[in-house]
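1. Compute the structure for the input listed below.
(2 chains)
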Amino acid sequence: MISRRDFLQVSMAATAMMGASGYGTWARAAAQQTLTQDQLLQFDTFGNVSLIHITDIHAQLKPIYFREPSVNIGVGGNKGVVPHLTGADFRKAYGIEDGSPSHYALSAGDFEALAKGYGKVGGLDRVSTVVNAIRADRPDAILLDGGDTWHGSYTCLKTEGQDMVNSMNVLKPDAMTFHWEFTLGSERVNEIVEGLPFAALGQNIFDSEWDEPAELFKPYKFFERGGVKVAVIGQAFPYMPIANPRWMFPEYSFGIRDENMQAMVDEVRSMGAECVVCLSHNGFDVDKQMATKVTGIDVILSGHTHDALPEPVLVGETIIVASGSNGKFVSRVDLDIRDGRMMGFRHKLIPIFSDVITPDPVMTKVIDEQRAPYQDQLSEVIGQTESTLYRRGNFNGSWDDLICNALIDERDADIAMSPGVRWGPSLLPGDDITREDIFNVTSMSYGEAYRSEMTGEFIKVILEDVADNIFNPDPYYQQGGDMVRIGGMAYRCDVTKPQGERISEMTLLKTGEAIDASKNYVVAGWASVNEGTEGPQIWDVVEDHIRKLGTVTLEPNNSVTVVGA
Amino acid sequence: MEFTRRETLAMGAGAALMTVLPLRASASASDDLIAAFTGGAEIADTGIELTAPEIAENGNTVPIAVSAPGAASIMVLATGNPTPPVGTFNFGPLAASQSASTRIRLAGTQDVVAVAKMADGTFARASKTVKVTIGGCGG
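-> The predicted structure is shown next:
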């Protein structure tokens, strides 16, 4: 007797082999300058159901550069396992050749050289070509958008998400779940969702007053595909009212609510679902833990933490698929569903190499229409950079260093704080910095840059609080972002310690003196979740700073000493 | 200085929220209350369910629910609050289900504990850590 788990493990081995051979071919192909669209799309259609997953696009309609993190620390049971492997360790784990296309797409290291060789990634018109190709193989493939779609660019901010809604409607997803969308404000979210031509899902989106499921967002939707009844259950980002301003969507409550997730799985199974897919914005470690607590989910399509994994991770009998961010990847998952069970799968994480995949002209036209009214604003060159500007990393990124420098200089502050978000594309040395580039890493509906006095003790409380949201050993207590970025101050962080004991050796950089718990410091920051925050918009602060600099050159930032990683 | 009164107030509110962490001071008070409720009897870990968020969206109003089939009464404690007792739900013999839900105020990150007294005189206990955080950031 071969068990279902054995079946899945055999599939896993198959996908690994395919991944390995596929990547190997790309590496050689690239060496011969023949990396082609056909190779990127090559997939032997399998089973009877196809899923297409894209997530965390963050409104990136055009090709971009996106540097993956060098530092992504796992704690507790997730120490040293994917997605908490970076650079050479990541490549070793997956047998990825140095200098290969998958090295460039999936891991940090040699980023500038490889970016020059392989070019930009993403672009929704390239994504459209990939989706169309999969649909040519399997016309009834289910396209699922994991959320963080209507946020993250100049045009998205100015149109309150309409540019993304118009573009995604052309891509025709079958369902979607949510996170940053809610920072448009509940009125605007309700307005868009009421008109969506596809399902808006979230079993954990509740009415905050009555603590009952919100009417506008359904917990799940059924699809009949290849003679199989597939149920897709949505899971929105659980900690929206904590990580983002609650006052912008006071009618809604979220949370993980895994007991309700189990109830929904049981409900769809009792209604005849043969395959249960969870479209999740939990973040990868939370999804892994949820898969151990909720039984009956076949596939979790994972978003939020922006991880891109070339193979699914198997937890019990659930496979978890992580599809990256910023339009850089599309996952295709083919499933063999028989007798109400998932008997096997085939998976491919398809990197969107913008210079290799031909844009879909229909989508290109739609994208250009969204951008046309703003073209002058978007393309204005503010300055140049001699350093790579990127964001991903647990403690800092060079974009954040630049933003913190801008806050300290422009707002005359001792210390700067910048939120540890994971969105925002990268720029290469020698690139112009346009207004669009600045908005790509700063745009949001609560971008006011505050200036305030805080005691040393309170600054430590903030750092301890945020650190626990990242390094709490129980993933259910993690919010999935990165550490708040600090300018003007050094500190030491022991990730293995409990809350209150992780942060030490706080030092004011401009004097070299230890931070005094009882002394007041002028702190400038942005993206406060408090209502009524006042100050100039952060993108204006950063633009002023870059104009004065002309050319941005950043030294490596070594102000955070990390222990216990 | 150009920070506004509003910003100061907002930061002050945050400071007030955080200075009460961590909250373990009244844990022994909770132990005493549980001992008084059970009369020192042994307490099982199964037979009662406590539903509460892992991280509170708003520490001033945290939805919780308790359910213990066969219970005569359920006591709920917020072990880290200055006054831990939240309430005790009593179920008569005609009660259709032995469950209740309410909203509670939590002074900071702490364990919420529910203890059920069963109709047969036995006891069951469940507890859950609810984190109260200042928030911000996000992927």
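2. For residue A:117, I want the exact helix or strand it lies within.
-> Per DSSP states H and E: residue A:117 is located in helix A:111-118.
3. State the mean pLDDT of that helix.
-> Averaged across helix A:111-118, pLDDT comes to 94.
4. ok, and what's touching it?
-> A:30, A:35, A:65, A:67, A:99, A:101, A:103-105, A:353, A:355, A:388, A:390, A:426, A:428-429 (Cβ atoms under 8 Å, 6 or more residues apart in numbering or on different chains). Placement of C-beta: from N, CA and C, glycine included.
5. Of these, just the buried ones, PyMOL syntax please.
-> Restricted to buried positions by 16 or more other Cβ atoms under 10 Å in any protein chain shown, the PyMOL selection for the contacts of helix A:111-118 reads:
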select buried, chain A and resi 30+35+65+67+99+101+103+104+105+353+388+390+426+428
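6. just the contacts of helix A:111-118 now: which is nearest residue A:323?
-> Closest to residue A:323 out of those is residue A:105 (12.1 Å), distances taken as Cβ to Cβ.
7. that older thread, looking at the contacts of helix A:111-118, which are in helices?
-> Residues of the contacts of helix A:111-118 located in helices (DSSP state H): A:30, A:101, A:103, A:104, A:105.
8. ok, for the last one, nearest residue in space, not its chain neighbours?
-> So that's residue A:105. Distances taken as Cβ to Cβ, 6 or more residues apart in numbering or on different chains place residue A:351 nearest to residue A:105, at 3.8 Å, with adjacent residues excluded.
9. Please pull up the helix or strand immediately following the helix holding residue A:117.
-> Downstream of helix A:111-118 (by DSSP H and E), the next one is helix A:124-137.
10. Could you point out which residue ranges in chain B have low pLDDT?
-> Within chain B, the ranges that satisfy pLDDT under 70 run B:1-27, B:135-139.
11. For it, which segments are assigned as helices?
-> B:5-19, B:27-38.
12. ok, now the stretch 51-200 of chain A?
-> A:87-94, A:101-106, A:111-118, A:124-137, A:154-158, A:162-171, A:186-194 (DSSP state H, counting those that start in this stretch).
13. Using CSV, write down the CA coordinates of the first one.
-> So that's helix A:87-94. Extracted C-alpha coordinates of helix A:87-94, given in CSV (Å, rounded to 0.1, in the frame of the first residue of the first chain):
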residue,chain,number,x,y,z
GLY,A,87,22.2,33.7,-0.9
ALA,A,88,24.6,30.7,-1.3
ASP,A,89,22.8,28.6,1.4
PHE,A,90,19.6,29.0,-0.6
ARG,A,91,21.3,28.0,-3.9
LYS,A,92,23.0,25.0,-2.2
ALA,A,93,19.6,23.8,-0.8
TYR,A,94,18.1,23.7,-4.2
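14. Output the contacting helices and strands for it.
-> In terms of contacts (3 or more Cβ pairs under 8 Å, 6 or more residues apart in numbering or on different chains; DSSP states H and E), helix A:87-94 is packed against helix A:4-31, helix A:101-106.
15. comparing those helices, which gets the lowest mean pLDDT score?
-> helix A:4-31 (a mean of 50).
16. For chain B, give me its nearest residue in chain A.
-> residue A:243 (3.2 Å; Cβ to the nearest Cβ).
17. Quick one: residues contacting residue 62.
-> Answering for chain A, as no chain was given. So residue A:62 contacts A:122, A:123, A:124, A:367, A:371 (Cβ under 8 Å, 6+ apart).
18. not what I meant, chain B
-> Counted by Cβ under 8 Å, 6+ apart, residue B:62 has contacts B:52, B:53, B:56, B:103, B:104, B:105, B:106, B:130.
19. Let's see that with 6 Å instead.
-> B:56, B:104, B:106 (Cβ atoms under 6 Å, 6 or more residues apart in numbering or on different chains).
20. closest to chain A among the residues you listed?
-> Of all those, chain A sits closest to residue B:56, with 8.0 Å by Cβ to the nearest Cβ.
21. what are the phi and psi angles of residue A:469?
-> When read as degrees, to the nearest 10, the backbone of residue A:469 gives phi -70, psi -10.
22. circling back: out of the ones in helices among the contacts of helix A:111-118, which two are the most distant from each other?
-> A:30 and A:105 (11.2 Å).
23. From residue B:105, how far off is the residue nearest to the spatial centre of chain B?
-> Centroid-nearest residue in chain B, with Cα atoms, centre = their mean: residue B:112, separated by 3.0 Å. Distance, residue B:112 to residue B:105, by Cβ to Cβ, to the nearest Å: 11 Å.
24. Check residue B:133 too.
-> 16 Å.
25. out of these two, which sits in the busier spot?
-> Comparing residue B:133 with residue B:105 by neighbour count (other Cβ atoms under 10 Å in any protein chain shown), the higher total belongs to residue B:133, at 23 against 13.
26. who touches residue 106 in this structure?
-> I went with chain A, as the question did not name one. residue A:308 are the contacts of residue A:106 under Cβ under 6 Å, 6+ apart.
27. oops, I was thinking of chain B
-> B:59, B:62, B:78, B:130, B:132.
28. count of residues packed around the residue lying closest to residue A:478 once chain neighbours are set aside?
-> Leaving aside its sequence neighbours, residue A:478 sits nearest to residue A:472 (Cβ to Cβ, 6+ apart; 5.6 Å). For residue A:472, the count of nearby residues is 19 (other Cβ under 10 Å).
29. one step back: so which of the contacts of residue B:106 is the closest to residue A:344?
-> Distance ranking of these against residue A:344, using Cβ to Cβ, places residue B:130 first at 41.1 Å.
30. Quick check: beta-bridge partners of the closest one?
-> Taking DSSP bridges as the rule, residue B:130 bridges to residue B:110.
31. now, which of the contacts of residue A:62 lie close to chain B?
-> Among the contacts of residue A:62, no residue is within reach of chain B (Cβ under 6 Å from any Cβ of the partner chain).
32. Switch the contacts of residue B:106 over to TSV; also include distance to residue A:157.
-> As requested, the contacts of residue B:106 are exported to TSV (distance: Cβ to Cβ, whole Å):
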residue	distance to residue A:157
B:59	31
B:62	33
B:78	41
B:130	35
B:132	31
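33. Keep only those of these that are in strands.
-> B:62, B:78, B:130 (DSSP state E).
34. Secondary structure class of residue A:493, three-state.
-> strand (DSSP: H, G, I helix; E, B strand; the rest coil).
35. Name all residues that make contact with it.
-> Applying Cβ under 6 Å, 6+ apart, the residues near residue A:493 are A:502, A:503, A:562.
36. Return a ChimeraX selection command for the buried portion of those.
-> Only the buried entries of these go into this ChimeraX selection, using 16+ other Cβ under 10 Å:
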select /A:502,503
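37. Which ones among the contacts of residue A:493 map onto strands?
-> Short answer: the contacts of residue A:493 in strands (DSSP E) are A:503, A:562.
38. Nearest to residue A:407, out of the contacts of residue A:493: which one, please.
-> If you rank the contacts of residue A:493 by distance to residue A:407 using Cβ to Cβ, residue A:503 comes first, at 20.3 Å.
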